[in-house]
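>>> have a look at this prediction, sequence included:
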Amino acid sequence: MDNNKAITPRHFLDLDDFSYATLRSILDLAIELKTKLKNGEHPSLLNNKILAMIFEQTSTRTRISFDVGMRQLGGETIMLAGADMQLAKDETLSDTAQVMSRYVDAIMIRILSHDDLLELARSSSIPVINGLTRRSHPCQVMADIMTYEEHRGSIKGIKVTWLGDANNVLLSWIHAAKIFDVELTISVPNEYSPDQGMLADISQAGNNIKLNSNPNEAVKNADLVMTDTWVSMGDKDVDQRLKILAPYQVDKNIMAKANENALFMHCLPAHRGHEVTSDVIDGAQSVVFDEAENRLHIQKAILCYVFGIEKLN
């Protein structure tokens, strides 16, 4: 592995770090890799590369998709639980990053603190990938965009409506709305409205973002309806959240107000009967399992990108 610290590593931390052209090239590569996989081809683009995966929180899709994706590309993975590392005691993130930079070729981390993610990346001489923080979830939104375009064509100019809680996936969608020229309408209750940091990102996105706390109005003419779990990692006020967010549930009546061919997405895991009803998530407009599958393909493309591979030979 290359530990030359004069070379700035290619991190993948937030969508707003990148230009449209770069993100589009990652999407294009993901499509190519998916096609090859469906044809039984496994291009060994990352032979002899080792990805360390650190999880401070539980994971299904992120863990499996990065693990399988790295293996399909010819590389290997090491799974680490934050609680089992010296990070859980008193070793600094900086020291951890510098040590790991001498053992492995890249780090994918799921960690609640976004500041900790940034500190790890600053001290690392190898690529760091954001597998989710409390602030953002860029890999998920790249998979969302890929899924929409597979079903409906270009995402440019479409109307996306987000219903429910102002969380990390929404923040990455705010970034995507500006970059991909998407109209994003955010419908959340006042009690869980965007915090100051998210409001700053909304302001930077300009006219691409609208706020409308009335879910029935917000969903009108939507091409894509999205929601996520109402109880995120670390939330304590569960009963209160469920009560306040109840009017923002995506059910058949909400979907009927969107465009006739609107799609429904949810990053999963879903809590059926809370943020979404079973007849919607299992219905004809739902593409949640295509969306989950595309985590594999987009993350393979992200892995290639951080290692400097932007297209197939």
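Cool, got the structure.
>>> alpha carbons only for contacts and neighbour counts from here, please
Noted.
>>> who's in contact with Ala81?
Going by CA atoms under 8 Å, 6 or more residues apart in numbering, Ala81 touches Ile54, Phe55, Glu56.
>>> now do it against Phe55, distance only.
For Ala81, the distance to Phe55 (CA to CA, to the nearest Å) stands at 5 Å.
>>> got it, and Asp237?
According to CA to CA, Asp237 and Phe55 sit 24 Å apart.
>>> kindly report the same for Leu37.
Noted for Leu37: a distance of 27 Å to Phe55, by CA to CA.
>>> which of the two has more neighbours?
Phe55 (22 against 14; other CA atoms under 10 Å).
>>> so what does the more buried one have for phi and psi?
Torsion angles at Phe55 (phi, psi; degrees, to the nearest 10) stand at phi -120, psi 110.
>>> for it, which residues count as its bridge partners?
Judged by DSSP bridges, the bridge partners of Phe55 are Ala81, Arg110.
>>> just use 50 as the starting number from now, easier for me
Sure thing, new numbering starts at 50, so read that last one as Phe104.
>>> residues contacting it?
Here Phe104 is in contact with Met128, Leu129, Ala130, Gly131, Ile158, Arg159, Ile160 (CA under 8 Å, 6+ apart).
>>> narrow those to those that are buried.
With burial judged by 16 or more other CA atoms under 10 Å, the buried subset of the contacts of Phe104 is Ala130, Gly131, Ile158, Arg159, Ile160.
>>> as CSV, those residues with pLDDT and distance to Leu220 would be great.
Formatted as CSV, these follow (pLDDT from 0 to 100; distance: CA to CA, whole Å):
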residue, pLDDT, distance to Leu220
Ala130, 90, 26
Gly131, 78, 25
Ile158, 96, 18
Arg159, 95, 16
Ile160, 93, 16
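>>> so what's the residue positioned nearest the centre of the chain up against?
Nearest to the mean C-alpha position of the chain, by CA atoms, centre = their mean, lies Gln189 at 2.2 Å. Going by CA under 8 Å, 6+ apart, Gln189 touches Val218, Cys316, Arg344.
>>> what packs against the helix or strand encompassing Ile75?
Element membership of Ile75, judged by DSSP states H and E, is helix 69-87. Judged by 3 or more CA pairs under 8 Å, 6 or more residues apart in numbering; DSSP states H and E, helix 69-87 is in contact with helix 187-201, helix 337-355.
>>> in JSON lines: those, plus mean pLDDT and distance to Arg112.
JSON lines is the format used below for those (pLDDT from 0 to 100; distance: least, CA to CA, whole Å):
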{"stretch": "helix 187-201", "mean pLDDT": "98", "distance to Arg112": "12"}
{"stretch": "helix 337-355", "mean pLDDT": "98", "distance to Arg112": "10"}
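>>> most tightly packed of these?
Mean neighbour count (mean count of other CA atoms under 10 Å) peaks for helix 337-355 among the helices and strands packed on helix 69-87, with a mean of 23.
>>> give me phi/psi at Leu273?
phi -140, psi 130.
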